[in-house]
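>>> one predicted model, sequence on top.
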Amino acid sequence: MDIQSYLKQARYLDLRINMKLMQLTALRRQVLAADPDGGGGGAAALEEEIRRDIDEMAALKTQIMGLIRRLSRPEYQTIVEFRYLYGWSWEKISANIGFSKSYVREMNSRALRECGLLLKVPDEPAQNSTFLTEIPALSGRR
């Protein structure tokens with residue numbers, strides 16, 4: 001997975017977390033309808049799995065946001081957030097921050113190179129997560 005794909009994951013994490021929360025709510029309703037006394041049977045294991053997924057996605061979002069905060073220039077942070085977290089076009093970013101589209105793209109390239117360097121420099125241990133295993137530099141460090 002390249003750095004752009006890694007950053008783009010953040011755009012969908014909130015949606016995926018909300019979907020998992022909806023699954024959790026639906027599961028609880030089904031359990032309550034099937035067993036008004038609250039026994040739940042095997043639903044507890046499924047609920048725990050959903051909660052683990054939510055925790056892993058939240059940890060990944062926190063990790064991505066932390067990487068963006070570590071970028072050396074506020075302009076880099078702003079461009080990366082607009083492009084990869086919000087999916088803005090180069091034109092929209094350019095218009096909002098007052099730089100030409102070509103300059104915004106050049107700054108994005110610099111920011112991505114810096115992200116790549118930051119991912120290779122350990123600053124604290126990363127949490128174990130199945131969502132992080134696709135980027136080798138992240139599997140043991142953050």
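Happy to help now that I have it. Numbering: from 1, shown residues only.

>>> and the next element down the chain from the lowest-mean-pLDDT helix or strand in the chain?
The weakest-scoring helix or strand in the chain, judged by mean pLDDT, DSSP states H and E, is helix 3-34 (a mean of 90). Following helix 3-34 in sequence order, the next helix or strand is helix 43-69 (DSSP states H and E).

>>> so which bits of that next one are buried?
Judged by neighbour count (16 or more other Cβ atoms under 10 Å), helix 43-69 contains these buried residues: 43, 47, 50, 53-54, 56-57, 59-61, 63-64, 67-68. Quick note: C-beta positions are derived from backbone N, CA and C, even for glycine.

>>> now, which of the residues you listed sits nearest Glu114?
Leu67 (9.6 Å; Cβ to Cβ).

>>> identify the residues contacting that closest one.
Neighbour list for Leu67: Leu7, Cys115, Leu118, Leu119 [criterion: Cβ atoms under 8 Å, 6 or more residues apart in numbering].

>>> what's the most distant pair in these?
Pairwise distances across the contacts of Leu67 (Cβ to Cβ) peak at 11.8 Å, for the pair Leu7 and Leu118.
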